[in-house]
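Trainee: Quick one: sequence plus predicted model below, questions after.
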Protein chains: 2
Amino acid sequence: MKPNNIRIKDIASMAGVSVGTVDRVLHNRGKVSRDAARRIEKVLNKINYKPNLIAQTLGKNKNYRIVALIPNPALDPYWKQSFDGLKSGEEQLGQFGIHFILEYKYYDPHKKESFQESALKIFHSHPDGVLVAPLFYYASLPFFKKLSETKIPFILFNTHLVEANALSFIGQDLFKSGRLAGELMNIGQQPNSSYAIVHVNEDLSNSVHLVEKEHGFRDYFEKRGDAQRIGTFILNNLKSSAFQNQLESILQMPDLSGVYVSTSKVYLIAQYLKKRNPGVRIIGYDLIKENVSGLQEGHIDFIINQNPMRQAKLGIQSLANYLIFSKQIPSTYLFPLEVITPENVTSYLAHPGNLAGIVV
Amino acid sequence: MKPNNIRIKDIASMAGVSVGTVDRVLHNRGKVSRDAARRIEKVLNKINYKPNLIAQTLGKNKNYRIVALIPNPALDPYWKQSFDGLKSGEEQLGQFGIHFILEYKYYDPHKKESFQESALKIFHSHPDGVLVAPLFYYASLPFFKKLSETKIPFILFNTHLVEANALSFIGQDLFKSGRLAGELMNIGQQPNSSYAIVHVNEDLSNSVHLVEKEHGFRDYFEKRGDAQRIGTFILNNLKSSAFQNQLESILQMPDLSGVYVSTSKVYLIAQYLKKRNPGVRIIGYDLIKENVSGLQEGHIDFIINQNPMRQAKLGIQSLANYLIFSKQIPSTYLFPLEVITPENVTSYLAHPGNLAGIVV
DNA sequence: ATGAAAGCGCTAACAC
DNA sequence: GTGTTAGCGCTTTCAT
């Protein structure tokens, strides 16, 4: 009846040894004679043993201290969503009686020193695992090198640092994301249209990921042979009076038919642009509440959802899978590129951190 | 350190009783004095006890027999995906050592008798829980009434029968789905455009759900004040030579700019229509492989994903949550309306049944 | 009505 | 090296 009855006790009796010995070979803890090992292996080969994960965690009864390092959620609604995802994952594991103690560390997304400082502290605290959303490239590599050397497993999310050699990366393909934006921008537009790519309040030299989106966007049009007139703008000093001038200069582009904003900051400029030129299609990122309003009020036409919440939640789940259940986890897990429009936005709001657990 | 230390053992000692007694009040199994009950309640009120779900399932050591009833997966790739979702959920639970025995029953989606027959058999086998995708309305209500009377919990997915009074419904808001299709159809189109709604190989009288999509689609245009010229077509006899004539009559519509197919069957007609009139926008449902090709080869412009796989998987997870973990589960769980385009389709293919478990 | 105790499958400490 | 055993937190049976 039961699909998987075989207990380690059964294996033991089949191999004529004790459970202790079986356990030793299952986890190669050594201290087992070549003879016993062989007999056990033989049994193992023919029965396809699957350990009972539930009994396993209960038996281990171990606490894991893992620390998450993300940009300060108080500073940006996007990172607040990541934070919520971590919380949600933590709570879920707790409910199951899995002792995953999550500690949160924050850094200032505009100060690499702040990242490095927190990183160092984390390293010295010798956690069992680390989960990090690293915005800086070269500034963060030493940290990951240290973690690797100490064999502290770590997972990256949001931003991919290939050289970091993480256990796993969770995020999206940003080049494809840019291409998708290009496609959405292009639907039903006039052939002579021109477009603006806008990076809001970002130091591009530190933001390889935004550049990737831009490449993707341009690539889409280039491959179609109509790469004409795509302008890039970098907006800074959001508070200053100069800000509006910067927006005006975008609107000055001849035949401007669309603006692609590379981050969740699209809400900062959508309303103004749309008011000045209703024909301009606006595309940006993420379902933070400002952008939800933007969609519903008609200032924003498309949002591509990066799903920071689910990324973060999957991050801690993956760590649990690796640490507790000794599962192999994929070296890279790319989220789907979700297209949000005024008509489907509410359907995405219903279950924010959803679909990510036995307990939903 | 541990976020949730309190064991029922602790409660027992705090209340000056034994674990057995605490367990009895926790699950109101009766046989406990008013005095003891009061003392335990008092402790419970101040400590926010959360049972360790892992220990709980291990302790119970109970087998659940649940049966799933869906249209025959061999007959339709759409239902094959549902089947895969069930399988995946079953496997996941098995890995954790949760004894969830899933039995599969199939019916012919075009014969209500076939549904009724299987339903009856299921009822008489007295399962612990039932999961069903009910395509027929009135023909299936008696079955659900019986289940209710016998207190056999059941969950519906894919098609909502409000009167069935299920434990939970898992699916999508089809009216909104139709509206979304309208919006996608409308982007950048000429004001004088006309559109066709096509139902492929369906008996509409039995398919309330398809009518809902149609209403949503029409509603989108009506609310905008340009409801002009939307035609509805019902295609039958796919094999016959008359089929092509039916397609031609669609193409005959003046100013035809788009065709909205209400099911996954869109692949059957997309290529022909697109070849005859490349300007026609084609929108349909679901990421079955035929439609994936359709997107990639340019015959289909948009797919709205209903995610049958995840629906089914969530179905069995919900049943497990309810049966095993005594969780409250939402009476209706609506999936997001996912928009798939040629540019983001691959991002959806990577992890088909994903994001639905501790074990990912 | 209540408590004691065995058992779920696995881990890990301990004795030999 | 190997087997035995207590224990993880909860359920359930069995005396009392």
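Mentor: That came through fine. Residues are numbered from 1 along each chain as shown, chains lettered A, B, ... in the order given.

Trainee: How many neighbouring residues does the closest residue to DNA strand C within the stretch 51-200 of chain A have?
Mentor: Residue nearest to DNA strand C within the stretch 51-200 of chain A (C-beta to the nearest atom of the strand): A:Gly59, separated by 2.7 Å. For the C-beta atoms, the positions are set from N, CA and C on the backbone; glycine is no exception. Using other C-beta atoms under 10 Å in any protein chain shown, A:Gly59 is surrounded by 11 other residues.

Trainee: can you confirm it is in a strand?
Mentor: No - assignment of A:Gly59 by DSSP: H, G, I helix; E, B strand; the rest coil gives helix, placing it outside any strand.

Trainee: Give me the distance between it and A:Ala68.
Mentor: Distance of A:Gly59 to A:Ala68, given as C-beta to C-beta, to the nearest Å: 27 Å.

Trainee: re the thing from before, tell me the confidence at the residue of the stretch 51-200 of chain A closest to DNA strand C?
Mentor: Looking at A:Gly59, its pLDDT stands at 95.

Trainee: Distance of it relative to A:Leu53?
Mentor: With the distance defined as C-beta to C-beta, A:Gly59 ends up 11 Å from A:Leu53.

Trainee: which residues does A:Lys9 contact?
Mentor: A:Val19 (C-beta atoms under 8 Å, 6 or more residues apart in numbering or on different chains).

Trainee: got it, and the one 10 residues further on?
Mentor: When contacts are counted by C-beta under 8 Å, 6+ apart, A:Val19 touches A:8-9, A:12.

Trainee: which stretches of the stretch 201-350 of chain A have low pLDDT?
Mentor: A:227 (pLDDT under 70).

Trainee: Find the closest residue to DNA strand D in it.
Mentor: For the stretch 201-350 of chain A, C-beta to the nearest atom of the strand, closest residue to DNA strand D: A:Ile324, 13.3 Å.

Trainee: So that residue sits against A:Leu58, correct?
Mentor: No - counting by C-beta atoms under 8 Å, A:Ile324 sits too far from A:Leu58 to count as a contact (11.0 Å).

Trainee: Let me see the domain layout of chain A.
Mentor: Structural domains assigned to chain A are A:3-51, A:65-172+A:308-329, A:174-305, following automatic domain parsing.

Trainee: Including distance to B:Glu113, could the ones you listed go into a markdown table?
Mentor: Formatted as a markdown table, the domains of chain A follow (distance: least, C-beta to C-beta, whole Å):
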| stretch | distance to B:Glu113 |
| --- | --- |
| domain A:3-51 | 32 |
| domain A:65-172+A:308-329 | 43 |
| domain A:174-305 | 44 |
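
Trainee: Kindly reformat the ones you listed as TSV containing distance to DNA strand C.
Mentor: Shown next, in TSV, are the domains of chain A (distance: least, C-beta to the nearest atom of the strand, whole Å):
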stretch	distance to DNA strand C
domain A:3-51	3
domain A:65-172+A:308-329	8
domain A:174-305	39
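
Trainee: who's in contact with A:Ser118?
Mentor: A:Ser118 neighbours (C-beta under 8 Å, 6+ apart): A:69, A:105-107.

Trainee: interface residues of the stretch 1-150 of chain A facing DNA strand D?
Mentor: A:16-21, A:24, A:31-33, A:35-37, A:55, A:58-59, A:61, A:97 (C-beta under 7 Å from any atom of the strand).

Trainee: Mind giving me the PyMOL select for these, buried ones only?
Mentor: This is the PyMOL syntax for the buried subset of those, where burial follows 16 or more other C-beta atoms under 10 Å in any protein chain shown:
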select buried, chain A and resi 17+21+24+32+36+37+55+58+97
